[in-house]
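**Student:** kindly return the folded structure for what I paste below:
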Amino acid sequence: MTDQPQIANQTPDQIPARDAPQDAGQASAASTPAPDAPKADAPKAAAPEKVELSAEINAEIEAAMADLEAESPDLGKGALAAPAKAALRGPRVVEAGREHRSGKVVSVGPSDVFIEFGPKELGVVDRQQFKEEPPAAGSEIEVVVNRFDNEESIYVCSLPGTVQKADWEMLQVGQVVEARVTGMNKGGLDLEVAGHRAFLPASQVSLDRIEDLSVFVGEKLTCEVQKIERAGRGNIVLSRRDLLKKEREESAGKLRETLQEGDTVEGIVRRIAPFGAFVDVGGVDGLVHISDLAHDRVHMGEKHVEKYLSVGQKIKTQVLKVDWDAGRISLGMKQLQADPFEQAASDVVEGAELSGRVTKILEFGCFIEVSAGVEGLCHISELEWRRVGHPSEVVKEDEVVRCKVLSFDKAARKLSLSIKALKEAPKQQRGNDRNAQVAEEILKETPELRRMREKAKAKTKGGAKSGLGDLGGFGGMGLGDLKL
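**Tutor:** Model (predicted):
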């Protein structure tokens, strides 16, 4: 019985007979029959016991072969003697210290997606990592192997480019990690990743320049590792710019296929300009011009645009025009708002007396807002009954005044107002009094008037003398020489 454990671990060809001779010469003589001896006379003493042991081993071999054939019928029984490693479904590539493998989706559950790399090699991916619908069963996908779960005997995987919890030992350049912003300094942001201090330069925080970086303190940012210094304090340099640029390019590619004029899209205000605001509608920037910002009049200038929008604000806009060749998208906000001229049609009628706020003063008059989004012009001639040199003599900006509607053209969106129409007109002066006042002004003695009077007198005397002389010496005859 002492030899049975050793025999059980050997193949049938390697099992020696129990009664076989131990001497080399005896073994040769016993195993090789004499030339003249018949084959029937060969020794058979150990045959029964040998056959009995081979049956047990053959049963184990048959069971193992059945399992292999069930898993992979193409291997055949010959694989038992020299088992070959099962071929992987995809290449194994190591990038940034992480293993990339391709596999076949075998099952899609409510929370996990299972992938087969080969026989008895399964991986699992969290379904939430798929932004859209998960792949169908039978499709090939590429994943990143994070670790092997010994308890479940399964590879825990993730999609390439997704954020993973960073370990200091496994942290590599090019890895995408999630870091928490702990503070800020003159050059950028201080972050914490894998229990170590990390630095994010201000130029790598966003695609645009951000004046106040303090808004990121306490936030978690998805970053890419650019540099690692394991010696000393173990500083890490991170970047977000390339990740954001890649996301914008992917989104822009989708927008080219789906964005149409007239669509309503959501966006984030990225920059304020004197002539409008640039809005990110998902990878592409569109312009909301001041003329399409609101129904009321928006004047040129950043301070005027900032009354309606601010950087980082989420807004809804309508696509007015798309020109992919020029890279321009025109957006509008007032197109999604109710027209105030339509709402004010019942109140703003000709002859109505309204209260309004002076919004702007110009040389030819002032604009008065009589209701939200409805402005009218009060011409300089309608400010006062007297002559006005400049509107600022009568009204001030943001002043509330009373005015009368002279005309209202809803189609042309024009409203004419008058302030003097609600003021009492001055009394008309009598004609004689007015003429007397004019004569008094004319005859008013002035130095200039005296000089002109003296000059006129001198001219009159000279002209009279010259005329009498001519008459007195007319033809050398006097009055007595004239004959009828």
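
**Student:** any idea how far Tyr155 is from the closest residue to Gly109 other than its chain neighbours?
**Tutor:** Distance criterion C-beta to C-beta, 6 or more residues apart in numbering; nearest residue to Gly109, sequence neighbours excluded, is Arg127 at 7.2 Å. (Glycine included, C-beta is placed from N, CA and C.) Separation of Arg127 from Tyr155 (C-beta to C-beta, to the nearest Å): 16 Å.

**Student:** tell me which of these two has more neighbours.
**Tutor:** The neighbour comparison of Arg127 against Tyr155 (other C-beta atoms under 10 Å) goes to Tyr155, with 21 against 14.

**Student:** quick check, that one in a strand?
**Tutor:** Yes. Counting by DSSP: H, G, I helix; E, B strand; the rest coil, Tyr155 is part of a strand.

**Student:** identify the residues contacting it.
**Tutor:** By C-beta atoms under 8 Å, 6 or more residues apart in numbering, Tyr155 lies in contact with 117, 121-124, 145-149.

**Student:** for it, which non-adjacent residue is spatially closest?
**Tutor:** Nearest to Tyr155 is Gly123, by C-beta to C-beta, 6+ apart, at 3.9 Å.

**Student:** by contact count, what packs against the helix or strand containing Glu369?
**Tutor:** Secondary structure from DSSP states H and E places Glu369 in strand 365-371. Helices and strands touching strand 365-371, by 3 or more C-beta pairs under 8 Å, 6 or more residues apart in numbering; DSSP states H and E, are strand 353-362, strand 374-379, strand 400-409, strand 414-418.

**Student:** now those as a markdown table including mean neighbour count, distance to Leu320 and mean pLDDT?
**Tutor:** Listed next are the helices and strands packed on strand 365-371 as a markdown table, based on neighbours: other C-beta atoms under 10 Å; distance: least, C-beta to C-beta, whole Å; pLDDT from 0 to 100:
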| stretch | mean neighbour count | distance to Leu320 | mean pLDDT |
| --- | --- | --- | --- |
| strand 353-362 | 16 | 26 | 91 |
| strand 374-379 | 21 | 23 | 90 |
| strand 400-409 | 17 | 25 | 91 |
| strand 414-418 | 20 | 23 | 91 |
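
**Student:** and those as JSON lines, adding distance to His304?
**Tutor:** Below are the helices and strands packed on strand 365-371 laid out as JSON lines (distance: least, C-beta to C-beta, whole Å):
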{"stretch": "strand 353-362", "distance to His304": "10"}
{"stretch": "strand 374-379", "distance to His304": "14"}
{"stretch": "strand 400-409", "distance to His304": "20"}
{"stretch": "strand 414-418", "distance to His304": "21"}
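
**Student:** low-scoring pLDDT stretches of the stretch 51-200 of the chain, where are they?
**Tutor:** For the stretch 51-200 of the chain, applying pLDDT under 70 flags the ranges 51-61, 63-98, 161-170.

**Student:** need the strands for it, in chain order.
**Tutor:** 93-95, 98-108, 112-118, 121-126, 140-149, 154-158, 176-184, 188-193, 196-201 (DSSP state E, counting those that start in this stretch).

**Student:** by contact count, what packs against the fifth one?
**Tutor:** Applying 3+ C-beta pairs under 8 Å, 6+ apart, one finds that strand 140-149 makes contact with strand 98-108, strand 121-126, strand 154-158.

**Student:** do that again at 10 Å, thanks
**Tutor:** Applying 3 or more C-beta pairs under 10 Å, 6 or more residues apart in numbering; DSSP states H and E, one finds that strand 140-149 contacts strand 93-95, strand 98-108, strand 112-118, strand 121-126, strand 154-158.

**Student:** right, and the ones you listed - which one's nearest Ala198?
**Tutor:** Closest to Ala198 of those is strand 98-108 (C-beta to C-beta; 18.8 Å).

**Student:** that closest one vs strand 112-118, what angle?
**Tutor:** Angle of strand 98-108 versus strand 112-118, following axes from the mean of the first three to the mean of the last three C-alpha atoms, to 10 degrees, is 110 degrees.

**Student:** tilt between strand 98-108 and strand 154-158?
**Tutor:** Angle, strand 98-108 to strand 154-158, by the same axes, to 10 degrees: 100 degrees.

**Student:** what lines up beside strand 98-108 in the sheet?
**Tutor:** Paired with strand 98-108 in the same sheet, following DSSP bridges, are strand 93-95 (antiparallel), strand 112-118 (antiparallel), strand 140-149 (antiparallel).

**Student:** in it, what's buried?
**Tutor:** For strand 98-108, burial by neighbour count (16 or more other C-beta atoms under 10 Å) applies to 98, 100-105, 108.

**Student:** can I get these in TSV including distance to Arg413?
**Tutor:** Converted to TSV, those look like this (distance: C-beta to C-beta, whole Å):
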residue	distance to Arg413
Arg98	62
His100	61
Arg101	65
Ser102	63
Gly103	64
Lys104	64
Val105	59
Val108	57
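
**Student:** now, among those, which is nearest to Ala273?
**Tutor:** When the buried residues of strand 98-108 are compared against Ala273 (criterion: C-beta to C-beta), the nearest one is Arg98, at 43.0 Å.

**Student:** with adjacent residues omitted, what lies nearest to Val284?
**Tutor:** Val284 sits nearest to Ala252 (C-beta to C-beta, 6+ apart), 5.0 Å away.

**Student:** secondary structure class for the one you found?
**Tutor:** Applying three-state DSSP: Ala252 is helix.

**Student:** so the residue nearest to Gly109 touches Ser107, yeah?
**Tutor:** No. Using C-beta atoms under 10 Å, Arg127 makes no contact with Ser107, being 11.2 Å away.

**Student:** joint contacts of these two?
**Tutor:** Common contacts of Arg127 and Ser107 (C-beta atoms under 10 Å, 6 or more residues apart in numbering): Val113.
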